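S.K.: coords please:
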Amino acid sequence: MATGTHIGVDSPAPAPALWREQDWTARLEQAIERGANHLLSIQDEQGFWQGELEADTTLESDYIYFLHILGKADPQRIAKLANYVRRRQLADGGWSIYPGGPSELNATCKAYFALKLAGDAPDGPHLARARETIHRLGGLEHTNSYVRFYLALVGAVGWELVPAIPPELMLLPSWFYINIYEMSSWTRGIVIPMAILSAIRPNWRLPERAHVDELFNDPSRKKAAFDWSKQLISWRNFFLALDRGLKLYEKLPWKPLRQRALREAKMWLLAHLERSDGLAAIYPAMMNSIFALLALGYGPDDPLTAREIREFSRFEIAEGDTIRMQPCVSPVWDTCIAMVALEEAGLPADHPALVKAADWILSKQILGPGDWQVKNKGAEPGGWAFEFRNDFYPDVDDTAFVLMALQRVNFSEPARMEAAARCGIQWLLSMQNRDGGWAAFDRDNNKKSLCNIPFADHNAMIDPSTADVTARVLECLGRFGWPAEHPAVQRGVKFLLKDQCEDGSWFGRWGVNYVYGTSGVLRSLETISLTAKEYCQRAVSWLRAVQKADGSFGESIRSYSDPSTKGQGDSTASQTAWGLIGLLAAAEPADPAIAKAVTYLVQQQNADGSWSENEFTGTGFPCVFYLKYHLYRNSFPLYALARFRNLTRQAKEYCAMKFQPAEFRPRSGF
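M.R.: Numbers count the residues shown, from 1 in each chain. Coordinates of the predicted model:
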């Protein structure tokens, strides 16, 4: 870890009334300095930052199940996982998918099943309460398809309760309306191993104590998840009919394309296990890939399977008598955000911490092929992924943030950095969608009808343009010299205007929620000098309207399922920082709303320069899966406070490179 490095900050010029008092000016400066020094103290020796990525107990529940199937159910390990799950049970007997949230059916069913596997007696008070909650929430018959799939794998429920996922999907060409590349990248990684398992149906049996028949609310209606829609002509009914047809096909003794389809699925799987730290480098895809390898005859001790098991086990965090799991790791993302925060805080552009971070980031640029090329033919690689290594899946959000972080570093090899940045910007331009926006991992992956497929109930079947990712790209392009008049920028702004809510806010796909989305859009439009526009001022008015009396912002995850709660929730450091960043982008620095937010963040800072935050403010799949980025609460407040300081003193910032837009090829296909 980097230690003993401290930064100093120059005194600012006269600022708004609240900050003219010398003690408050000093407190702001001290808060920025402490925050910067805290981030510096937790930098890894290799140059990156990596905070814990926390999720709900479905991960620990699934891991108990995974270890049993693997035949590596070490009692001590299982006990520690079970401890973690038990301690997060709610008073009503259920488990939630985010702190402060209500009991959720899928998480509760998984926890119940896992604890039975761990040896808990079903008549114990905690499992009895869990059963009651499961029945109240609709019973096992109303869980999502993945819960029922994992139960079917071990014979706990019949395969008739699981949507058909035939490996013949692999044979559908990329021009066909339904094919694997019309699914989001993470869905591909999850579903293709499931298709292998669905075809092979390995005979994995767990202890008799693990049966779950008691979880059905109405045993006569176990197939309730496949009920027809009341609207006769609908995509849901079309895919339900297709599902029934595929299940009949599954019963046929002769399936002429099955072996070829399985070969294709296996080849895809084996290819995608290379150049990555596990399939798609995310928990469900990695677990499913290990299951698929076992089903294909690769034993747990086979070198390939053993390697994947080792990668998967790195998500474990042992602490005391518990083990908890991460859904993936976020070093590239954490690093570029920390860099931008430190740059804004006044760290010299040639500071060793920034130079080392830039060197590490440059080493992670992906210059090989990936799935994104299927729908983006002719484009050269050049993006960055979220994790240490996930070469098939660079993403737009990381790439844009990385480029902004690199732009403010005085790097020792400027030609190397400039070449990487040019390559990255060209890749970003190539990823723009036809609607003008940008998505996370793919181009034009937006067929909403596919969200009605029975195995699409994780609410993330597709990867369409979103305001937050589009904003990140526009902010990046603006900082590198793209004007508002540039065609790519104009198309991006047009998408944002179409996506804006009536009250002026923007939805946040990857962060919670409207505060995140609105802040990001305003920051992006600031870089292209559009924040005086009426639509930006409406967004500022919305931020002012949801700001609390103490200057803070807080928005609950409930806003994803109940938009009437948007902008409402417990105050958090990260969301207050986002709200402040949005206000700074489009309001005057002397605005009282800004002063209040700054005051709140300064007052809430801990003595070591960090901030505290219990809530989840990151999003995996809206309404299904949420995240807590443990560095958000430190990086974003530091950035927001430093940005306020720099705006009030009109500080100039170092810029290592800007490019002429005419030097880059426009996105093909418009």
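S.K.: and the gap between Pro75 and Gly119?
M.R.: 9 Å (C-beta to C-beta, to the nearest Å). C-beta here means a position set from N, CA and C on the backbone, and glycine is covered the same way.
S.K.: Of all the residues in the lengthiest helix in the chain, which ones are buried?
M.R.: Among the segments of the chain that qualify as a helix by DSSP state H, the longest is helix 22-41. Neighbour-count burial for helix 22-41, counted by 16 or more other C-beta atoms under 10 Å, picks out 24-25, 27-29, 31-41.
S.K.: Over to stretch 560-568?
M.R.: In stretch 560-568, counting by 16+ other C-beta under 10 Å, buried: Tyr560, Thr565, Lys566, Gly567, Gln568.
S.K.: so which of those residues would you say is closest to Asn634?
M.R.: Using C-beta to C-beta, Gly567 comes nearest to Asn634 of the buried residues of stretch 560-568, at 23.1 Å.
S.K.: Quick check, pLDDT for the closest residue to that closest one other than its chain neighbours.
M.R.: Among residues not flanking Gly567 along the chain, Val546 sits closest, at 3.0 Å (C-beta to C-beta, 6 or more residues apart in numbering). At Val546, the model reports a pLDDT of 98.
S.K.: Can you name the residues that contact Val546?
M.R.: Tyr514, Val515, Phe553, Glu555, Lys566, Gly567, Gln568, Gly579 (C-beta atoms under 8 Å, 6 or more residues apart in numbering).
S.K.: Tell me which helix or strand comes right after the host helix or strand of Tyr516.
M.R.: Assessed by DSSP states H and E, Tyr516 sits inside helix 514-527. Toward the C-terminal end, the helix or strand that comes next after helix 514-527 (DSSP H and E) is helix 534-546.
S.K.: What helices and strands are in contact with whatever helix or strand comes next after that following helix?
M.R.: Per DSSP H and E, the first helix or strand lying C-terminal to helix 534-546 is helix 573-586. In terms of contacts (3 or more C-beta pairs under 8 Å, 6 or more residues apart in numbering; DSSP states H and E), helix 573-586 is packed against helix 514-527, helix 534-546, helix 592-604, helix 632-648.
S.K.: what residues does whichever helix or strand comes after the third one touch?
M.R.: Sequence-wise, the next helix or strand beyond helix 592-604 is strand 618-621, with elements assigned using DSSP H and E. Outside of strand 618-621, the residues within contact range by C-beta under 8 Å, 6+ apart are 53, 55, 327, 458-460, 508-513, 557, 560, 625-629, 632.
S.K.: Where does pLDDT dip in the protein?
M.R.: 1-22 (pLDDT under 70).
S.K.: Tell me where it has strands.
M.R.: Ranges of strands in the chain, per DSSP state E, are 53-54, 316-319, 322-325, 618-621, 625-629.
S.K.: what sits up against the last one?
M.R.: With C-beta under 8 Å, 6+ apart as the contact definition, strand 625-629 has outside contacts at 51-56, 58, 97-98, 327, 330, 333-334, 458, 512, 557, 574, 613, 615-620.
S.K.: what's the closest non-adjacent residue to Thr531?
M.R.: Nearest to Thr531 is Ala586, by C-beta to C-beta, 6+ apart, at 3.8 Å.
S.K.: Could you do Trp268 as well?
M.R.: Ile192 (5.9 Å).
S.K.: What are the neighbouring residues in contact with Gly424?
M.R.: Gln365, Gly382, Gly383, Trp384, Thr399, Val402, Leu403.
S.K.: Let me fix that, I meant to ask about Tyr516.
M.R.: Residues near Tyr516 by C-beta under 8 Å, 6+ apart: Asp468, Gly508, Trp510, Glu555, Gln575, Trp578, Thr617.
S.K.: got a winner among these for most neighbours?
M.R.: Neighbour counts for the contacts of Tyr516 peak at Trp578, which has 32 neighbours (criterion: other C-beta atoms under 10 Å).
S.K.: List the buried residues of stretch 517-535.
M.R.: 517-528, 530-531.
S.K.: Serialize those to JSON lines and add fields for distance to Ala210.
M.R.: Converted to JSON lines, those look like this (distance: C-beta to C-beta, whole Å):
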{"residue": "Gly517", "distance to Ala210": "42"}
{"residue": "Thr518", "distance to Ala210": "46"}
{"residue": "Ser519", "distance to Ala210": "46"}
{"residue": "Gly520", "distance to Ala210": "45"}
{"residue": "Val521", "distance to Ala210": "48"}
{"residue": "Leu522", "distance to Ala210": "51"}
{"residue": "Arg523", "distance to Ala210": "50"}
{"residue": "Ser524", "distance to Ala210": "50"}
{"residue": "Leu525", "distance to Ala210": "54"}
{"residue": "Glu526", "distance to Ala210": "55"}
{"residue": "Thr527", "distance to Ala210": "55"}
{"residue": "Ile528", "distance to Ala210": "57"}
{"residue": "Leu530", "distance to Ala210": "58"}
{"residue": "Thr531", "distance to Ala210": "57"}
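S.K.: wait, which of these is closest to Glu274?
M.R.: Closest to Glu274, out of all of the buried residues of stretch 517-535 and judged by C-beta to C-beta, is Gly520, at 34.1 Å.
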